[in-house]
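*Asks:* One predicted model, sequence on top.
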Amino acid sequence: MAFMFRRRAWMSTTLLVALAVLAGACSTDYPNSTFNHTTDFNAANDAVWDRLLFWGTIVFVGVEAALLYVILRFRRGSAARETKPVHGDTKLEILWTAIPAVILVFIAIPTVRTIFMTQAKAAPDALQVEVVGHQWWWEFRYPELGITTANELYLPKGRTVNFALTTVDVLHSFWIPQLGGKRDLITNKTNYLWFTPNADIATDALNGFCAEYCGSSHANMKFRVYTVEPAEFERWAAHQARPAVFPVAPAVPAVPSGAGVTLQTASTAPAASDSSAPAAPVAPQLEPYWFPKEQLPSHVIPTTKLPVGLTFDESALAAGDPERGRELYSRSSCIGCHAIAGNPMSMSKVGPNLTHVATRHTIASGLYQNDAKHLALWIKNAPAMKPGSLMPTLGVGEKDPVRKTVMSAAMGGLTDAQIADIVAYLQALK
Ligand code: HEC
Ligand SMILES: [Cu+2]
């Protein structure tokens, strides 16, 4: 009776697990799948994988069939229990050496071919992107375009991109499951990785990860990748290459309005010609582009919980003033670590480049949404927001979670009102 019951429980559990696996397989939303043919790189890898699966399945079915046959045919009580020894059967030994060897050849040829293809040098006209790993964030530079940014990568569809991968500290690994990777970032060595996003893939936001354990916030070392139309990429790049636009008040161009399309009016001003304008040629500026917030898919929107006990006076945020913030930022510790092109006080390269920080959707390498509240909490106590973060605790009265020291005004600590001003400044850096 007890046995019957246990067998039933066992069977229903098995059935339940099988159903759950089946139901799980029905989902069509795989935001981090490596099996989509979105680039030449992952199409080639997937072809190798399919080949392995094909031969692996044949071997599996063959071996299992032979096993079942032997179990049934030579079971206890059957007539065929006496077996004939096969030791020294040359024919048989040649056969079971040759068959696996042939299968290995079928696997080895496409594998080696794919290795050679993906390890080759990228085409010379590829878009160059330097990827620098930091504990625990990503620096992205487009050397030909004069852009330095962090944690958010823009890639034009249909063009080969060649990543030069290095690290300033420990080993990291660059991985965008939907597009390609992984490849290691190694100290004192440049590794390369290239692929071409297909021209017909969707304009999309994808996840990227660090895939090599690199310390306490390794799991928090993520990034975002936006696959965009070539024209959008050009607009993005032209904008990112310019210094920060600050103050936000409309610039007074030497050229009367209309002829010189300034950044602030680029979206509204038509390229109308003004006959009274001097002949000074003004390069037409492209309308700035960054991936529209409303189109972000849910899998790139961070949902990280805030640390317990870290709060911010929300009414102070509303009172933040960008001009006061710029002034304060420019004489605070921030300038010892960050660069903002257009702010001559801020030229350091320890932390992420903040020139166009307000055009990014996340902060702290994909950990939090880039909004006033998260920026404020981040500045107040970054190590509490991200374990091990190399940006120090800066809020007055805040405790450094590792050193246990408490920040004071005398040490350069910032009050909520001061942080609110700096946040207003950062949010103006479009
Ligand atoms: C000792 C160096 C240091 C100082 C001082 C410092 N930061 Fe940072 N900051 C960093 C580092 C390093 C990071 C990246 C941390 C991470 O993501 O793990 C960072 C990240 C940031 C980010 C997020 C950027 C992004 O794109 O993810 C902002 C915003 C920021 N800092 C603003 C400030 C401001 C404002 C100040 C001054 C009040 C300041 N920082 C002072 C080193 C510093
Ligand atoms: Cu890492």
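*Replies:* Here it is on my side, so go on. Ligands and ions are numbered 1, 2, ... in the order given.
*Asks:* alpha carbons only for contacts and neighbour counts from here, please
*Replies:* Fine.
*Asks:* ok, the closest residue to residue 380 other than its chain neighbours - how many residues close by?
*Replies:* Computed as C-alpha to C-alpha, 6 or more residues apart in numbering, the closest residue to residue 380 that is not its neighbour in sequence is residue 395, at 4.1 Å. For residue 395, the neighbour count with other C-alpha atoms under 10 Å is 27.
*Asks:* And residue 112, by the same measure?
*Replies:* Residue 112, neighbours per other C-alpha under 10 Å, totals 12.
*Asks:* part of a strand, is it?
*Replies:* No - Residue 112: not assigned to a strand; according to DSSP: H, G, I helix; E, B strand; the rest coil it is helix.
*Asks:* Around ligand 2, pick out the residues from the protein.
*Replies:* 172, 210, 214 (C-alpha under 5 Å from the ion).
*Asks:* Most neighbours among those residues, which one is it?
*Replies:* Using other C-alpha under 10 Å as the neighbour test, those are led by residue 172, with 31 neighbours.
*Asks:* give me the beta-bridge partners of it?
*Replies:* residue 185 (DSSP bridges).
*Asks:* how about it, what does it touch?
*Replies:* By C-alpha atoms under 8 Å, 6 or more residues apart in numbering, residue 172 lies in contact with 133, 184-186, 210-214.
*Asks:* tell me how far the helix or strand encompassing residue 233 is from the chain's mean position?
*Replies:* Residue 233 is part of helix 230-240 when elements are defined by DSSP states H and E. With C-alpha atoms, centre = their mean, to the nearest Å as the basis, helix 230-240 stands 19 Å off its chain's centre.
*Asks:* Only the buried residues of it, if you could.
*Replies:* Going by neighbour count (16 or more other C-alpha atoms under 10 Å), the buried part of helix 230-240 is 232-240.
*Asks:* other SSEs contacting that helix?
*Replies:* Using 3 or more C-alpha pairs under 8 Å, 6 or more residues apart in numbering; DSSP states H and E, the elements in contact with helix 230-240 are strand 152-156.
*Asks:* How about the residues of the chain by ligand 1?
*Replies:* Proximity of the chain to ligand 1 (C-alpha under 6 Å from any ligand atom) is limited to residues 136-137, 150, 332-334, 336-337, 350-352, 357, 363-365, 375, 379, 389-392.
*Asks:* Among these, name the buried ones.
*Replies:* 136-137, 150, 334, 336, 351-352, 357, 363-365, 375, 379, 389, 391-392.
*Asks:* So of the residues you listed, which two are at opposite extremes in space?
*Replies:* 336 and 365 (20.1 Å; C-alpha to C-alpha).
*Asks:* what are the ranges of the helices in this structure?
*Replies:* 2-25, 40-73, 90-119, 230-240, 314-318, 322-329, 372-380, 382-385, 416-428 (DSSP state H).
*Asks:* Save these as a markdown table, and put in mean pLDDT too.
*Replies:* What follows is the helices of the chain, written out as a markdown table (pLDDT from 0 to 100):
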| stretch | mean pLDDT |
| --- | --- |
| helix 2-25 | 81 |
| helix 40-73 | 94 |
| helix 90-119 | 92 |
| helix 230-240 | 97 |
| helix 314-318 | 92 |
| helix 322-329 | 96 |
| helix 372-380 | 97 |
| helix 382-385 | 96 |
| helix 416-428 | 97 |
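*Asks:* and the ones you listed, which is most packed in?
*Replies:* helix 416-428 (a mean of 24; mean count of other C-alpha atoms under 10 Å).
*Asks:* That helix packs against which elements?
*Replies:* Using 3+ C-alpha pairs under 8 Å, 6+ apart, helix 416-428 sits against helix 314-318, helix 322-329, helix 372-380.
*Asks:* from the chain's centre, how far out does the second one sit?
*Replies:* Here the centre of mass of C-alpha atoms in helix 322-329, compared against the chain's by C-alpha atoms, centre = their mean, lies 31 Å away.
*Asks:* Let's see that helix as CSV, backbone CA atoms only.
*Replies:* The C-alpha coordinates for helix 322-329 follow below in CSV (Å, rounded to 0.1, in the frame of the first residue of the first chain):
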residue,chain,number,x,y,z
PRO,A,322,21.1,73.5,-12.3
GLU,A,323,23.2,76.6,-12.2
ARG,A,324,23.9,76.3,-8.5
GLY,A,325,24.5,72.6,-9.1
ARG,A,326,27.1,73.4,-11.8
GLU,A,327,28.9,75.7,-9.5
LEU,A,328,28.9,73.3,-6.6
TYR,A,329,29.8,70.3,-8.8
